[in-house]
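Q: Fold the following for me, if possible:
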Amino acid sequence: LSANQERLLFYSLFHRSAGMYYQKYIMDIVGEVQVEYLIQAYRKVIHLHDVFRSIYTYRELSRPVQIILKQREPEYCYRDLSAVDDERQWNDDFEAHDSQTGFKLSYDSAIRLHIFKVKKSQYKIVLSLHHICFDGYSCNVVLNEIYDWYCALLAGEALRIPEPLPRRSYIDWYLQQNRIEAINYWKEYLGDFEQHGNFVNRIIDRGANNSLHIVTKMFTIDEKLVENMTAFCKRKAVTVNTLILLAYVLMIAKVEKARDIVCGTVINGRPEELKGADRLVGIYADVIPLRVQLKQPETIDNLLRSIQKDIAIAKKYSYLSLMDIIANTNVVEADFQHVINLESLVNQKKSLKHFEITNMELVQKSKYMFSFILQNTLKGYCFRIEYDEKISDETVDRFNREMQELLAMVMQENLNFTDIMNNAVFDK
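A: Here you go, the predicted structure:
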């Protein structure tokens, strides 16, 4: 296993009863769906990727291993509920047959497909899975391949999809990386960091129990703001992700009243130098530290360039797991109770001609108390915030509102970070 897989397996076993890392992608479909062809397309994609033919074993072993089976029958079910008056019957059926079952990774398949016909020409499709076999980037690959196979089967055509890179190729690459060099890089990058964050503690509004109950809110980003961000980043030769990262860091700095910030940043984890890695399906996304030091009179332009440069260099050493980074540097696990995810983006914008996906929702349980996620939905770009219920809805609403205000402010010319920090300070 990669270090990331080991971490997910450990937390899954440790929080077995909590359904940790259980995920479900729920899609609303309008149109006529040829269920038989859809199931055939799903079967072909499952057989194509070795991660879906895997089991994970750890008993009586010094380290857990992933065993890739030569063949495995995909798990799926179809139910026609169009004659049932209760529109939520599909969810009751799903909860009874899937959510309560979970995944026993030592022998279960880690992915299951459920198709419910809820009305004439209306369907609910649920892809339930364990996070150890799937990340947000994988979702784009798999859904696109299923749809391409579905279209080919409808047309009676052969489809040639190149063989994906075997998991073994990535593991071979991973084992060749220079661990000592990576440790030295992170030691230097984080060496004198001392201002350990208390962002989550500052925004907790209620309760003091240690259990996590994650809830989700979606916030549409103003279209005009998106247009301005795109134009601004083009002028400054930085990515939109870099701009959002800076705004997020400034929000954390305002809440913590700190000037040396470390936050967890999700990257998709596919090495650019490994040919075919862009089609890897599995859990490759991981969290790396981003450190931003706010020093007077630092300009916004300099901060943007610095963040973009730091992320590009850090990705070269992202094969070192977050737990190993923590073990070898001054950062602590509490610094990563919150993360920002701009790269494992589930893109719902694919043009479809046989039916329409009117809504798509990801439901999951996470070990992070606060996750800030950029999502490209059918209704445009959104901020998706997943947070522990000990943080109030009002606090999350305010975080989103001030985040969007902060993005607009950052794009004003000739500002430095102190101009922003002194404006509309986010107090509890």
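Q: residues touching Ile313, list them.
A: If a contact means CB atoms under 8 Å, 6 or more residues apart in numbering, then Ile313 has Tyr185 as its contacts. For every residue, glycine as well, the C-beta is placed using N, CA and C.
Q: Helix or strand for it, just tell me which one.
A: Using DSSP states H and E, Ile313 maps to helix 300-315.
Q: Check which helices and strands the next helix or strand after that helix sits against.
A: Note on helix 300-315: by DSSP H and E, the next helix or strand toward the C-terminus is helix 322-328. Judged by 3 or more CB pairs under 8 Å, 6 or more residues apart in numbering; DSSP states H and E, helix 322-328 is in contact with helix 3-14, helix 179-190, strand 286-293.
Q: can you tell which of these is closest to Val363?
A: Nearest of the helices and strands packed on helix 322-328 to Val363, taken as CB to CB: helix 3-14 at 16.7 Å.
Q: Just give the number of residues close to the residue nearest to Asp222 when sequence neighbours are not counted.
A: The shortest distance from Asp222 to any non-neighbouring residue, by CB to CB, 6 or more residues apart in numbering, is to Gln404 (6.5 Å). Counted with other CB atoms under 10 Å, the neighbours of Gln404 add up to 17.
Q: quick one: Gln404 and Val410, what's the gap?
A: Distance from Gln404 to Val410, counting by CB to CB, to the nearest Å: 11 Å.
Q: who touches both of the two?
A: Counting by CB under 8 Å, 6+ apart, nothing touches both Gln404 and Val410.
Q: where does the stretch 151-300 of the chain dip in pLDDT?
A: 206-211 (pLDDT under 70).
Q: all helices for it, in order.
A: Assigned by DSSP state H, counting those that start in this stretch, the stretch 151-300 of the chain shows helices spanning 167-175, 179-190, 199-203, 223-236, 240-256, 300-315.
Q: one step back: correct me, but the residue nearest to Asp222 touches Thr220?
A: No. Using CB atoms under 8 Å, Gln404 is not in contact with Thr220; the gap is 9.8 Å.
Q: Now do the contacts for Asp80.
A: Shown in contact with Asp80 (CB under 8 Å, 6+ apart): Lys117.
Q: Next one, pLDDT for Ser344 please.
A: For Ser344, the model assigns a pLDDT of 53.
Q: oh, and call the first residue 17 from now on, that's how I've got it
A: Renumbered: residue one is now 17, and that last one reads Ser360.
Q: ok, the residue lying closest to Cys93 once chain neighbours are set aside to Ile42 distance?
A: Leaving aside its sequence neighbours, Cys93 sits nearest to His130 (CB to CB, 6+ apart; 5.5 Å). Going from His130 to Ile42 by CB to CB gives 9 Å.
Q: Which one of these two is surrounded by more residues?
A: Neighbours were counted for His130 and for Ile42 using other CB under 10 Å; His130 has more, 21 against 18.
Q: in its sheet, what does the one helix or strand that one maps to sit against?
A: Using DSSP H and E, His130 falls within strand 127-135. According to DSSP bridges, strand 127-135 forms sheet pairs with strand 91-96 (parallel), strand 138-146 (antiparallel).
Q: Could I get the average pLDDT for the longest one?
A: Same thing as strand 138-146. Averaged over strand 138-146, pLDDT sits at 91.
Q: got it, and the first one?
A: Mean per-residue pLDDT for strand 91-96: 92.
Q: in it, what's buried?
A: Across strand 91-96, burial judged by 16 or more other CB atoms under 10 Å covers Glu91, Tyr92, Arg95.
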